[in-house]
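Need coordinates for the below:
(one chain, ligands or ions: 1)
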Amino acid sequence: MQKIGNYFAMLCVLATASLLSLPASAAMIDTIPNTTFISCYARFPNPSDLRTIITPTYAISADYEPDDLVLLPEYVGYPVTLSKDIYVREQVAEPLQAMIAEMWDLGLRPSIVSAYRSYPQQQRVWDQWYAEYGERARDISAIPGTSEHQLGTTVDFGSPEHSHRFYTTFYLTSEGRWLAENAHRYGFVLSYPRDAVGGLSTYEYEPWHFRYVGVEFATYLVEKNMTLLQYQHENLAAPCIPARVVPRNVR
Ligand SMILES: [Zn+2]
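Numbers count the residues shown, from 1 in each chain. Predicted coordinates for the structure are as follows:
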């Protein structure tokens, strides 16, 4: 109920204040002319807005697919994708390449285990988690339409010290430690930290999951000791009607 109350409060702010002093929010709203409230599942993120909120409550359309996806192995120049076809949005590829180049020079060997995932791909991921963990899957994986990976700006890193698999102790690996301290210099921030300020996090700690938001904004968040989600809740009222999301296999 606490969360629901927050969302209604947010909607009230949206309705009454019209986001007059929030340029980033205004940019989001401008993508939906003459519309203030739509279903979250009808949202199409503005491609130029790297701060789009997307959580289990604030979904995006199943039809949303970035139109500037590029095949990462062709950009990066290092064998980091473990021979997999991995896609990101074009504006993410260059800073990612630069960051990996610096890591490589330092003797680090990061992998990119996952990046863009379409709605159907996320459905398959969710189905696997749900089959194994049931309702607890909500704390671990995103219901289709609510994953930051559908934005094409989010990357999951791996480390050879963990055989490139997802373990919470990724933060203890050489690659994890470097990313935690330096990723913002290339515009990447950790979406789901262990100790999110104010208790704001969507999932359990994911030290491998980084989202590209641009160098200036990533640096701002680090300097303010603020997570992206905290910023979104405080500054970006979502232009949609929050709804309890029920995955198809939990009905
Ligand atoms: Zn991830």
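
by contact count, what packs against whatever helix or strand Gln122 lives in?
Here Gln122, judged by DSSP states H and E, is contained in helix 119-133. Applying 3 or more C-beta pairs under 8 Å, 6 or more residues apart in numbering; DSSP states H and E, one finds that helix 119-133 contacts helix 137-140. Any C-beta I mention is one placed from the backbone N, CA and C, and that applies to glycine too.

quick one on the thing from earlier: quick one: mean pLDDT for the helix holding Gln122?
Here helix 119-133 scores 93 as its mean pLDDT.

can you tell me if that helix touches the ion.
No. On the criterion C-beta under 5 Å from the ion, helix 119-133 is out of touch with the ion, staying 9.6 Å away.

before we move on, what about stretch 51-67?
No. Stretch 51-67 does not reach the ion (C-beta under 5 Å from the ion); its nearest approach is 12.0 Å.

and the end-to-end length of that stretch?
Its first and final residues considered, stretch 51-67 spans 17 Å by C-alpha to C-alpha, to the nearest Å.

So for it, mean pLDDT?
Rounded mean pLDDT across stretch 51-67 is 92.

List the buried residues for it?
Along stretch 51-67, these residues count as buried under the neighbour rule (16 or more other C-beta atoms under 10 Å): 51-62, 64, 66.

quick one on the thing from earlier: show me what counts as buried in the helix holding Gln122.
Tyr119, Gln122, Gln123, Val125, Trp126, Asp127, Trp129, Tyr130.

who does the residue of the chain at minimum distance from the ion bridge with?
The minimum distance from the chain to the ion, using C-beta to the ion, falls at His209 (3.6 Å). His209 has the following beta-bridge partners by DSSP bridges: Asp156.

Tell me the pLDDT of it.
96.

thinking it is in contact with Phe188, fair?
No. Contact criterion C-beta atoms under 8 Å: His209 and Phe188 do not qualify, at 10.0 Å.

The residue of the chain closest to the ion: neighbour count?
Applying other C-beta atoms under 10 Å, we find 21 residues neighbouring His209.

ditto for the one 5 residues further on
A count of neighbours around Gly214, defined by other C-beta under 10 Å, yields 18.

Ser48 is in contact with that one, correct?
No. The pair Gly214 / Ser48 is not scored as a contact, 10.7 Å apart, by C-beta under 8 Å.
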